[in-house]
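S.K.: quick one, what's the 3D model for this:
(one chain, ligands or ions: 2)
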Amino acid sequence: MSSTNQESLGRTPPQDQPIKQLIQWGDHLSVGHPGIDAQHKEIYEFGAEIYESWRDGVRVGELRIAADRLWELLRAHFLYEERLLAGVGYADLKQHVAEHRSMLKELQGMREHFETLSDDDDSPGGSVLSPNWSVMQFILGFSLGHVMTSDMNYRQSLMAGGKATRPTAGGA
Ligand SMILES: [Fe+2]
Ligand SMILES: [Fe+2]
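M.R.: Ligands and ions are numbered 1, 2, ... in the order given. Model prediction:
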């Protein structure tokens, strides 16, 4: 009925709020598959760390390490998700894969930019001019944008495919 979350999102500068107030992880973000939910949560938690480092300020050397780890997390997750969706014959797989590729390309662009900066360069806390701002926006876009819309769209297909919440019984 009330939309206090939206109000707080719209009115309060993000740097004044912990990320857990901006995005709350919970069942509303579940796609109904424990493996994928766990990966999404791990990416979200790492995003929260990046957000905090953006608020506090960080050296580019550390930011570069964080961006590399985010790259590995996303690449592994996208591959896992795409295989799963292919297995259930998800109709919008092509579009979904294209979104993943686009996100990786965007992140790769940031990593290449960081390579042009010195390790000791500052990424000042809470500034939209800091290099960390782009990573922080990217990870918020992932949590808010891709998971809450595109990933949620495959929920029904995944459940109908019989691989949603049923634990795999091991074996071959
Ligand atoms: Fe996805
Ligand atoms: Fe995903």
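S.K.: show me the longest helix that occurs in this structure.
M.R.: Longest among the helix segments of the chain by residue count, using DSSP state H, is helix 60-87.
S.K.: what is the orientation angle of the helix or strand just after that one with helix 60-87?
M.R.: Note on helix 60-87: by DSSP states H and E, the next helix or strand toward the C-terminus is helix 93-115. Put simply, helix 93-115 runs at 170 degrees to helix 60-87, going by axes from the mean of the first three to the mean of the last three CA atoms, to 10 degrees.
S.K.: send the alpha carbons of helix 93-115 over as CSV?
M.R.: Taking Å, rounded to 0.1, in the frame of the first residue of the first chain, the C-alpha atoms of helix 93-115 are listed here in CSV:
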residue,chain,number,x,y,z
LEU,A,93,17.6,-17.2,-23.7
LYS,A,94,19.1,-15.4,-26.6
GLN,A,95,18.1,-12.0,-25.2
HIS,A,96,19.1,-13.0,-21.7
VAL,A,97,22.6,-14.0,-22.9
ALA,A,98,22.9,-10.7,-24.8
GLU,A,99,22.2,-8.8,-21.5
HIS,A,100,24.9,-10.8,-19.8
ARG,A,101,27.4,-10.1,-22.6
SER,A,102,26.6,-6.4,-22.4
MET,A,103,27.2,-6.3,-18.7
LEU,A,104,30.5,-8.1,-19.0
LYS,A,105,31.5,-5.7,-21.8
GLU,A,106,30.6,-2.7,-19.5
LEU,A,107,32.6,-4.1,-16.6
GLN,A,108,35.5,-4.9,-18.9
GLY,A,109,35.5,-1.3,-20.0
MET,A,110,35.9,-0.2,-16.4
ARG,A,111,38.7,-2.7,-15.8
GLU,A,112,40.6,-1.3,-18.8
HIS,A,113,40.1,2.2,-17.6
PHE,A,114,41.5,1.3,-14.2
GLU,A,115,44.6,-0.1,-15.9
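S.K.: just the buried positions in that helix, please.
M.R.: By 16 or more other CB atoms under 10 Å, the buried positions in helix 93-115 come out as 93, 96-97, 99-100, 103, 107, 110, 114. Bear in mind the C-beta positions are built from the backbone N, C-alpha and C, glycine included.
S.K.: now render these as a markdown table, adding pLDDT and distance to ligand 2.
M.R.: Output for the buried residues of helix 93-115, formatted as a markdown table (pLDDT from 0 to 100; distance: CB to the ion, whole Å):
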| residue | pLDDT | distance to ligand 2 |
| --- | --- | --- |
| L93 | 96 | 13 |
| H96 | 97 | 9 |
| V97 | 97 | 12 |
| E99 | 95 | 10 |
| H100 | 96 | 8 |
| M103 | 93 | 10 |
| L107 | 92 | 14 |
| M110 | 89 | 19 |
| F114 | 88 | 24 |
